[in-house]
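**Q** Take this sequence and fold it.
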Amino acid sequence: TTFLERIPPQIAYHIAREGIYLTGGSTRIPYIDNYLASYTGFSFNLSPFYEKATICGLEKIIRDRDLMKWAQPVKQRKL
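**A** Residues are numbered from 1 along each chain as shown. This next block holds a predicted model:
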């Protein structure tokens, strides 16, 4: 089974209505949205900010206390 078959109905409803959003470098692959749509049956939206997607996401996590709890601290290694 795929992840789309295991997601809750209310999330599946939003995906079917709004599509799946792709971010990052994969959005630069020519016609990736068309290929994935034909394979999954869902529409795909490509972010125009592929080069900033990771940085913008990290900035939100760092600045938002509610999101920060989901970030895992980097463990220091002893040399």
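
**Q** Now for residue 32: which residues touch it?
**A** 22, 26, 44, 46 (CB atoms under 8 Å, 6 or more residues apart in numbering). Every C-beta, even on glycine, is put in place using the N, C-alpha and C of the backbone.

**Q** And the helices in this protein?
**A** Ranges of helices in the chain, per DSSP state H, are 3-6, 9-18, 32-40, 53-63, 65-68.

**Q** I'd like these written out as JSON lines, with mean pLDDT and distance to residue 79 added.
**A** Shown next, in JSON lines, are the helices of the chain (pLDDT from 0 to 100; distance: least, CB to CB, whole Å):
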{"stretch": "helix 3-6", "mean pLDDT": "78", "distance to residue 79": "40"}
{"stretch": "helix 9-18", "mean pLDDT": "88", "distance to residue 79": "44"}
{"stretch": "helix 32-40", "mean pLDDT": "92", "distance to residue 79": "42"}
{"stretch": "helix 53-63", "mean pLDDT": "83", "distance to residue 79": "26"}
{"stretch": "helix 65-68", "mean pLDDT": "80", "distance to residue 79": "28"}
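
**Q** OK, contacts around the residue lying closest to residue 50 once chain neighbours are set aside?
**A** Once flanking residues are discounted, residue 50 sits nearest to residue 27: 4.5 Å by CB to CB, 6 or more residues apart in numbering. Neighbour list for residue 27: 46, 47, 50 [criterion: CB under 8 Å, 6+ apart].

**Q** Just the closest of those residues to residue 64, please.
**A** Residue 64 has its nearest neighbour among those in residue 47, at 19.5 Å by CB to CB.
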